[in-house]
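Asks: Dropping a prediction and its sequence here:
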Amino acid sequence: MQLKTILNRVERQKGFVYTRIRWSDDNQAISISIKPHARSRPICSGCGTKRPGYDTRGERRFEFVPLWGFPVFFLYAMRRVACPACGVVIEKVPWADGKHHSTYSYRIFLAAWAKRLSWKETALVFGTSWDTVYRAID
């Protein structure tokens, strides 16, 4: 079974497609590229309605739950939305909110481990910062 198939069963993102899964340049992390589905329209992050796309920003990395001890990152170029009520804003994506660089799944994962271990130890075990663990709990 391929990793893309597992992601589609466990972490399906409505309106988005996992396109390319590869190792990072140093072979220490897994990068998963995500593209919007051909017919999906971006959702305004201000009012939450579907609006026409404006253009795209640079590619962002979102931390995902590590697999087999390797960090996993979603790579996605956020679209800008032309909303008559809110102006031109960045789209709302289903795996993260605001300016967070970690996915909802990863924050839930870290918060569950932070109940068992100290926050600092949780950060060390999963190769992230203490601040990321703090934000996951918050």
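Replies: In hand now; what should we look at? Predicted model only: the values in this text are computed from it and were never measured.
Asks: quick one: the residue located most distally from the centre of the chain and residue 37, what's the gap?
Replies: Ranking residues of the chain by C-alpha distance from their mean position (Cα atoms, centre = their mean) puts residue 84 at the top, at 26.8 Å. From residue 84 across to residue 37, the span is 24 Å (Cβ to Cβ, to the nearest Å). For glycine as for every other residue, the C-beta is placed from the backbone atoms N, C-alpha and C.
Asks: buried set for the helix or strand containing residue 7?
Replies: Element membership for residue 7 (DSSP states H and E) is helix 3-10. In terms of neighbour count (16 or more other Cβ atoms under 10 Å), helix 3-10 has its buried residues at residue 7.
Asks: ok, now stretch 56-67?
Replies: Quick answer for stretch 56-67 (16+ other Cβ under 10 Å): 60, 62, 63, 64, 65, 66.
Asks: cool, stretch 123-134 as well?
Replies: 123, 126, 128, 132, 133.
Asks: Now do the same contact list for the third one.
Replies: Yep, that's residue 128 we're talking about. Residue 128 makes contact with 63, 102, 110, according to Cβ atoms under 8 Å, 6 or more residues apart in numbering.
Asks: Might you specify the subset of these located within strands?
Replies: Mapping the contacts of residue 128 onto strands (DSSP state E) picks out residue 63.
Asks: which one's the longest helix in this protein?
Replies: helix 104-116 (DSSP state H).
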